[in-house]
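*Asks:* Fold the following for me, if possible:
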Amino acid sequence: MKYDIWGNETWEHFAYKQLLEAFPAGHEFVFRGNGSPPGSHEPIPIRFVPEVDLVAPRNHEYAAIVCSPFWIHQALGSGYSKVFFIMEPCPAGVQRAVWEKYSGLLAEAADLMITGSEKIYLEQCLRRRNVVWWDAGAVDSGENQRLVGTFVERVFRKETLEYCMREQWKQRIRAYCRLREDVGNHETISYLLASYHYFLGEQKARELLLESFETVLLREHNGTLHSHYRFLSAMEAQQGQLEHAVYTYAITAVLPEEKEALARMERWAAMDRFHLLEAELYLANDDFAAAESAALEDASEEAEHFLIDLYLRQWMWKKGLRLMERLHLKEHQGLSIDQIRATLLWIRNQKHEAVTQLLRASLLDWNMLLAFAENDLMLRGCEQLKERLNHEAGSEENTQSEG
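*Replies:* Numbering: from 1, shown residues only. Next comes the predicted model:
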């Protein structure tokens, strides 16, 4: 297998060299950007394509390692056998809404999503089951490197990643237990420990959350109490204590949309629609994976509408499109089925088909043309990334030749 690396920096400044060492040995890496200086020793077999070309090879012998959503066309439209997406926070100077949308669409299509940010990792664990955290060589490096390698191997064998994710959650618990031994009780450590025990479905999560809750109260950090109550209600739902979970949620349900959600919960409870009640409780805590699972158990039209809303809000548009087509819906929450189809075509580099779809839809709703502005932002971002890599490559090569 060969890996095509679509980076976000030239090789000299590329932050994921050590991560690449975790990939199974015996493969070749192709880095699209400036290479290392002459005479440098690289720890992995790698060759460089200094002039970044936006057209990738259509070859199933290659897998893609993609470091920016601006490469979404190259990642999804080039016939790669597998796609590994390294998700990063939104850089300065980039429109956050666009970055998060296309990061979400790429993460949903990728075979494995990798991140060096624990905040992003925790958020993504609430959405999908193909996520791995890379510690950047900072903590438990050897164990983390081996685990990343196991993730990659299982992706190629088309095996479930649930086991690997559980192993990483246990790894993080061990790391934070050691940290707590060193620094003592701290609300953030307790909260993170509670999160990982929650992912594992363990009752100890509640004890740790309450410990964090008490510390927050003692230190008068009251601004975080809302999230603690939401998390507690999700834990109670996970343990089957639905009545307690609704009561806990109600304590902080003060905004109009929160009161609407509470009314739905009470309605589902009165109708003995417990799967939909669970789904609402998980959704209130942003546990989208658990909400999806619960709603799928209900298998009603109400559940399908719930799922469509969840899928579209979380950029799981392929799933959302399937349900909308099954229910013969033309739009949902102001988003038309034509716009969804066009976007899914566009991110796979089927630009002609996407433009045709949008133009046809714009005959009925001219607002569809606004999608072209967003597409233009993405294309400009891609071009700027290409120019930066090529410019830096040219500058460094000129310096070397002059020397």
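*Asks:* from what I can see E61 touches G79, true?
*Replies:* No - taking contacts as CB atoms under 8 Å, E61 lies outside contact range of G79: 9.8 Å. Where you see a C-beta, it was placed from the backbone N, CA and C, and this is true even at glycine.
*Asks:* what distance separates stretch 122-131 from the middle of the whole chain?
*Replies:* 6 Å (CA atoms, centre = their mean, to the nearest Å).
*Asks:* same check, this time on stretch 193-213
*Replies:* Stretch 193-213 sits 22 Å away from the centroid of its parent chain (CA atoms, centre = their mean).
*Asks:* pLDDT of that stretch, averaged?
*Replies:* Confidence over stretch 193-213 (mean pLDDT, whole number) is 96.
*Asks:* What are the contacting residues of it?
*Replies:* By CB atoms under 8 Å, 6 or more residues apart in numbering, the list of residues contacting stretch 193-213 from outside reads 122, 125, 165-166, 169-170, 172-173, 176-177, 180, 185, 187-188, 190-191, 225, 228, 231-232, 234-236, 238-239.
*Asks:* circling back to that earlier point, compare E61 and G79 (neighbour count), which wins?
*Replies:* Taking other CB atoms under 10 Å, E61 and G79 do not tie; G79 has more neighbours (13 against 10).
*Asks:* measure that one to P69 for me?
*Replies:* Using CB to CB, to the nearest Å, we find G79 at a distance of 19 Å from P69.
*Asks:* and if you look at L225?
*Replies:* 34 Å.
*Asks:* And for Y247?
*Replies:* Y247 is 41 Å from P69, by CB to CB.
*Asks:* quick one: least confident helix or strand in this protein?
*Replies:* Ranking every helix and strand in the chain by mean pLDDT, DSSP states H and E puts helix 370-402 at the bottom, with a mean of 70.
*Asks:* name the element E280 belongs to?
*Replies:* E280 belongs to helix 274-284 when elements are defined using DSSP states H and E.
*Asks:* sorry, that was for F231
*Replies:* For F231, the host element (DSSP H and E) is helix 225-238.
*Asks:* Keeping just the C-alphas, turn that helix into PDB.
*Replies:* Extracted in PDB, the C-alpha atoms of helix 225-238 (Å, rounded to 0.1, in the frame of the first residue of the first chain):
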ATOM      1  CA  LEU A 225     -23.100  23.700  36.300                       C
ATOM      2  CA  HIS A 226     -25.400  23.600  33.200                       C
ATOM      3  CA  SER A 227     -23.100  21.100  31.400                       C
ATOM      4  CA  HIS A 228     -22.800  19.000  34.500                       C
ATOM      5  CA  TYR A 229     -26.600  18.600  34.800                       C
ATOM      6  CA  ARG A 230     -26.800  17.800  31.100                       C
ATOM      7  CA  PHE A 231     -24.100  15.200  31.500                       C
ATOM      8  CA  LEU A 232     -25.700  13.700  34.600                       C
ATOM      9  CA  SER A 233     -29.100  13.300  32.800                       C
ATOM     10  CA  ALA A 234     -27.300  11.400  29.900                       C
ATOM     11  CA  MET A 235     -25.700   9.100  32.500                       C
ATOM     12  CA  GLU A 236     -29.000   8.400  34.100                       C
ATOM     13  CA  ALA A 237     -30.500   7.700  30.700                       C
ATOM     14  CA  GLN A 238     -27.600   5.300  29.900                       C
END
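*Asks:* List the buried residues of it.
*Replies:* Neighbour counts over helix 225-238 (16 or more other CB atoms under 10 Å) mark H228, Y229, R230, F231, L232, S233, A234, M235, E236, A237, Q238 as buried.
*Asks:* Tell me the pLDDT of the fifth one.
*Replies:* Per-residue pLDDT puts L232 at 97.
*Asks:* Perfect, that will be all.
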